[in-house]
Each structure stands twice: as structure tokens, then as C-alpha cells.
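> Have a look at this prediction, sequence included:
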Amino acid sequence: MSLKYGGDYNPEQWPEEVWVEDVRLMHEAGVNFVTVGVFSWALLEPSEGQFEFGWLDRALDLLHENGISVDLGTGTASPPPWLSSNYPEILPMDRAGTTLWPGARQHYCPSSPIYRERASILAGKVAERYANHPAVIMWHINNEYGCHVHECFCDESAVAFRTWLREKYGSIDAVNDAWTTNFWSQRYTSFEQILPPRVTPVFENPSQRLDFKRFSSAELFACFMAEKVAVRRFSEDLPVTTNFIGVFRHVDYWKWVSELDVISDDSYPDPLDPDAAMGAAMSRDLMRSLGGGKPWLLMEQATGYVNWRHVNGTKPGTMMQALSMQAVARGADGINFFQWRQSRGGAEKFHSGMIPHSGTRSRIWQNVVQLGADLTKLDLLEGWSVNAEVAFVLDWESWWASEGDGHQIQLNFHDNLLEWYRPFYEANIAVDFVSPGADLSGYKLVVAAHLYLYTDATAALLGAYVKAGGTLLATYFTGHVDGNDQARLDGYLGTLQDVLGLSIDDFSALAATGTRSSIAVTSERWGILECSEWSEYLRLRGANVHARFSGTDLDGMPAITSHAHGRGTAWYIATRPNRAGIARVVVEIASSAGVVPVVSGLPLGVEAVNRGAALFLINQSDRDVEIPLDGFDVLSNQQRFRPTLGAYASLVLANATEGDRRLAASLAEVAAR
Ligand code: GLA
């Protein structure tokens, strides 16, 4: 078995003579897996109902003859011109009523019955033709659902939204109750009056908005399922995937994962962002978690620059390898790129590829070849897992609701989540993500960061986890509302009041900038913590106070508390300490819960992750660092003693601090072959 290595291969962009050179170079780079046909609809079905597979037959045969496996796209991500001109009703519409026209890609309304039907027909034809092709080992349904069009506000979407609401609520009165429509005279007397939340004069109804987010995510899932069902008619066994987009706001991935055989992710950290590696690590941890810990695939990344930011920096030195090693360390069984050959024309011609415009003399190509060689040394890792003792509850519904209009602050959920994840990342403590209903019993610490919305059932699960001996850390902006985005009365938090030993009397938002943008919190344990964004008037109901606000009328009031509940402990942080403060507080809470880092004492910027019996040490910084450890390094195939690790270099040590030593020994053996 080997780790998968390759990328999106678009032979249709090149004359067939080039294909022969392609497979030769794929061998040179160690490529064993490519994704084909993702954007091929216009060539596979040049007019309605007329299919042409000749070129794809030849491409797949050539790949097979050269031992390269294929993840075959269903080809449905970009409708061909004939489809939108025959059926203009498939085109999506934005909130302001503007049609999104053809000329790019993903120009379809997810609720369009015609789009779904034509996409399913093509997916079925592709599966029928290639189910038994020896090159094909996986189906790749569509592409990055919701990437560009995550919601559509057209009339067809309105019809579908009403159907979805009928199924959810049964009666218009139930919708009115859930959406609090007596407010601002919004009461509906029939489903036909309900529209998607198009542009309004001022704040839209937040419960309607939340339901529309749920609906839109579900419609994308329905598109996926329509294609999957079509594929399964001809191929019962081959694994099915669709490529996710990391910690992506618009699609509730928890609701998809039971229908995916392989979780795969597209990951484009910004090389100019100092937090690029941390953000990527968070996505990798999410991907592993979505599959319940099973290995996943890095389906796309860039060798260098992308073309879609305002400024597109390249990955310097061996940053590309470091980010690839990070993915393997965090559970990936394959590393792939968009795309094999950098395009000559089209919108993405200045997006890097495995073979860049400058050809095989380039530094990019050398990096690609080097990574291919490195990955073959890690083959034995395939299937090994990462063990995390900390779980973050990630709930898309809460994310959507927390960022709606009409709050005291404009919470940036993603960026805040990253700030709570940061201390774990920097301390090399492995983290999983869990859905709100997940079994928490295996975790020593559960973090509910800004879990603004939860149902009573979720609150009960969190309470039961603490009662049974777990440690919960909840932050401000948690437990304000129920599943309909209606405020929880009498101190917010619902039944978590008893668990946390407190209730919330009032909120006190801080200014985004300027004099009233921070507040001090003092603590015997942590000294003075500079805090921002939020503060609260807490009312204690049994919790111990570890830190208090200082100054303003909050002076002396609790800011950080803990409460013994059953056999466990529940912590609450009512404000946002600065980075150093969060690190101090969070790492101490983690260690009080018995959570230990993979390795301590590493220089900042070095990631340490145990995957099975292999210890990955990855220098994500641009300077040399000293590693205070000895061990056999699988990548360089030698014993290393307190090695210096260059910028963006990695070690994979077979003498992991914990874990299965027998596997570690065979890993060393493989490396020595
Ligand atoms: C996404 C798409 C690819 C390509 C890349 C560019 O991941 O799936 O087709 O457009 O972005 O970064």
C-alpha cells in the first residue's frame, strides 16, 4: 500500500502528444493518483443527451498502462453553455436579485430540478462507462460544493425553501412561532408568502436567515446525493468522495459525512499569512475528525501561488513540503495538488501547478519530485491514526446564528475559533473537532468556544460529560439562544447554568478600537490579563472565581470561573484575553484536565504530532531551529542527535515517545530499504 500522490489532471487542456510526456513525468515525480474530469461536462456531453467519451477513454487507458490510479470526476461542477442557454432557469441569483451568468463556473442554482437531473444523468453515464475501468479507484462527485454559490435566492429556490419549511414545521403557525414573526409585523398566513432572505431595508429576521442557511446547506447535500445515487446504480463498491474546503462557513459537513467513503479536503493557506500553518492544521484536524479519525485525503493544495487573492504570494523554500508533511502527520493518506500542469490560458493560468509554466527546470518541479520521494518513505503510515485528548465542539448552526445581524459585536467566529485553537497548536496538543451530539466520553477536555446556539439536548450532553468526570471549557458567546435563535431566558445558558455554576446577568461589549476597547482582568494565578471584545456581568451560583475584571463598573466581578459538577469541572471565560493570556489560561486548564503535549520544550514554530508510532516534527518557521531530541529519522534515513532543522524542514522520528514500538521498528525498516 502506498500514500496517494498526485493532483487534478486535466488532459483536455492539452494536445494528446503532451499526455505521453505527462505520464513520463508523473513517474519521475512518484505520482500514483490523479483526479480527472472534474470540469469536463462540455466535452463529455457536447449537446444535450449526446455523449462523447473517446478522449477520456484514451486518457484513462494511458494512465492505467502507466500504473496511475484515477479518482474520476462526475464532471458536473461547471454546466456547459448549451445547458444554461436551453434552460436559463438553472442560473443562480444573489440576494439582490442579480443573475449570476455563465462565463466562469458553478453557475447553477442548487435547487434547480433541471440542473440536478442533468448532473445526475451525466454522473450516471460516467459511472456506467468507467465503473469497471481498471484505472478508476474512486468517484469524485462534483467539486467544492458551495465554494462560489452557497446560497441561491431565485424563484426556484423560493419554492424549494417553502417545501423544506413545510417538511420541517408542518404548519405556517409553527413557522411563525419559530421565527417570532409577531415582531415587526412579519406574520405569515401561508407558505406561499415566504421568500428567501433577499436584501431587506434593515436587519432580516434572524431565525428565517438561520433556517435559510440550514436549507441551503441541505440543498447542496441533496445535489451531492442525487449524483451519488446515480453513480451507485453502476458502481456499488468503489469509494465516493467530494472535496471539502476546510473550516468552510457555508456547508454543515457533519450532515454529509455518513455518505462519504473518503473525506477529502482542498487547502490553500495564504503563504503571506504568518498564521498559515496554524489555520491549515485546524483544517486538517477537522478533516480527520469528520471521518471519525479515519485517514483522509488532501485532495488539492497549491505548489506555490494561487490566483484568487488580492495578492498571491508563493510558498517560499520548502513550505509546500512542510504543509504536506503536516497533512500526513494529522492523518492524511494522500497529498494532491491543483493541478498537474499549470494552465496556459483561462482564469487560472497564474495558479501554480506541479509542472509550472517554467517547466521541469523549476524549483517547483524539484520540490514536487522531492515530496514524491519523501512520501514513499512514509508508506507504512497508511491507516495509522492520531489520538487527541481534547475536543472542540463545532456546530455550523451556531456559527451561522452567532454571526447574524443585531448582536452586540460582529463576532468573527472562524477567527475567534482559531484564537482558542492557537494555544493547543502552539503547545503541540492534539485536537479533534466534534459535532454537538457527539460522544464525548473519550476526551479529557471539551472546549465549547462561542457555542452561541444549542439545543437542550446538546446542553444535556455537555452536562452529562462533566458530571461523569470530564472537563468543559466554555467561552463567552455561549448558550445565548435555543435552536430557533430565540433567547434563553433567566440568565442564558439553559441547563449549563447548573454545570458552570453561574448565570449571565448582562453583556458588556467592548469597542472594536480606541479607548474603550480593552479591559483588564486580574488573577493571582495568571497576573494581569489584557482582554478585549467582550465582558459580562456574571451572577455566581456556586462557581469559584479565578480572575476578576478590574476597572469600570465591572470592577471586582468574576471573569474566569470553574465549578465542580459531579465528578468533573466546568470552566467559563467571560472575555477574550490577548494571545499570551489565552495561552496561559488555556494551557493550565488543559493540564489540570490531565492533557499533555506530544513533546514539550520545542522552539516556537515547530509542530509535533504523533501519528501512530511516528513522531512528526515540522519546522513551520523560516529560520533554523534546534530540536532537543534524538531519534531515527525516516526521511533522511539516519539517526539524528539534537538536530538542527532548517526552515520548513521536517523530521519523522520512528522512536515516538509513546505508541506501538513494533510499528515504529517496521517504519525504520521500510526507511532503510
Ligand atoms: C479549488 C478548485 C480548483 C481550483 C482551485 C484553485 O480548489 O477545486 O478547481 O480552482 O480552487 O485554487
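Happy to help now that I have it.
> counting contacts, what elements does the lengthiest helix in the chain pack onto?
When the chain is parsed with DSSP state H, its longest helix is helix 206-232. Applying 3 or more Cβ pairs under 8 Å, 6 or more residues apart in numbering; DSSP states H and E, one finds that helix 206-232 contacts helix 113-130, helix 155-169, helix 172-179, strand 240-241, helix 396-402. All C-beta spots, glycine's among them, are computed from the backbone N, C-alpha and C.
> Can you add mean neighbour count and mean pLDDT and give those back as CSV?
Shown next, in CSV, are the helices and strands packed on helix 206-232 (neighbours: other Cβ atoms under 10 Å; pLDDT from 0 to 100):
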stretch, mean neighbour count, mean pLDDT
helix 113-130, 21, 98
helix 155-169, 18, 98
helix 172-179, 18, 98
strand 240-241, 20, 98
helix 396-402, 23, 98
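> Out of the ones you listed, flag the one nearest the ligand.
Taking Cβ to the nearest ligand atom, strand 240-241 is the member of the helices and strands packed on helix 206-232 nearest to the ligand, at 12.7 Å.
> now check the closest one, is it near the ligand?
No. Using Cβ under 6 Å from any ligand atom, strand 240-241 never reaches the ligand; the gap is at least 12.7 Å.
> which residues touch that strand?
Contact with strand 240-241 is made by 71, 138-141, 228, 231-232, 259-264, 297, 299, as judged by Cβ atoms under 8 Å, 6 or more residues apart in numbering.
> I'd say Arg330 and Gly291 touch.
No. Between Arg330 and Gly291 there is no contact under Cβ atoms under 8 Å: 11.8 Å.
> what about the two, which has more around it?
Ranked by neighbour count (other Cβ atoms under 10 Å), Arg330 and Gly291 place Arg330 first, with 26 against 17.
> ok, that one - contacts?
281, 284-285, 287-288, 386, 609, 611.
> Tell me the spacing between it and the ligand.
Relative to the ligand, Arg330 is positioned 19 Å away (Cβ to the nearest ligand atom, to the nearest Å).
> Next step: the contacts of strand 240-241 restricted to strands.
71, 138-140, 264, 297, 299 (DSSP state E).
> Just say helix, strand or coil for the residue nearest to Ala160 when sequence neighbours are not counted.
Sequence neighbours aside, Ser111 is the residue nearest to Ala160 in space, at 3.7 Å (criterion: Cβ to Cβ, 6 or more residues apart in numbering). Following DSSP: H, G, I helix; E, B strand; the rest coil, the label given to Ser111 is coil.
> can I assume Ser111 is in contact with Phe153?
No. Assessed by Cβ under 8 Å, Ser111 is found out of contact with Phe153, at 10.4 Å.
> Compare these two (neighbour count), which wins?
It is Ser111, of Ser111 and Phe153, that has more neighbours when counted by other Cβ under 10 Å, with 28 against 22.
> helix, strand or coil for the residue in the chain sticking out farthest from the centre?
Centroid-distance maximum for the chain: Asp553 at 40.3 Å, with Cα atoms, centre = their mean. Under three-state DSSP, Asp553 falls in the coil class.
> For Gly514, see how far away it is.
19 Å (Cβ to Cβ, to the nearest Å).
> circling back to that earlier point, inside strands: which ones of the contacts of Arg330?
The members of these that map onto strands under DSSP E are 609, 611.
> Output the contacts of Arg330 as a markdown table; include the columns pLDDT.
Shown next, in a markdown table, are these (pLDDT from 0 to 100):
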| residue | pLDDT |
| --- | --- |
| Ala281 | 98 |
| Arg284 | 98 |
| Asp285 | 98 |
| Met287 | 98 |
| Arg288 | 98 |
| Val386 | 95 |
| Val609 | 97 |
| Arg611 | 95 |
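> Just the ones in helices from the contacts of Arg330, please.
Among those, DSSP H puts 281, 284-285, 287-288 in helices.
> If any of those are buried, give me the ChimeraX selection for them.
Applying 16 or more other Cβ atoms under 10 Å to those, the buried members can be selected in ChimeraX as follows:
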select :281,284,285,287,288
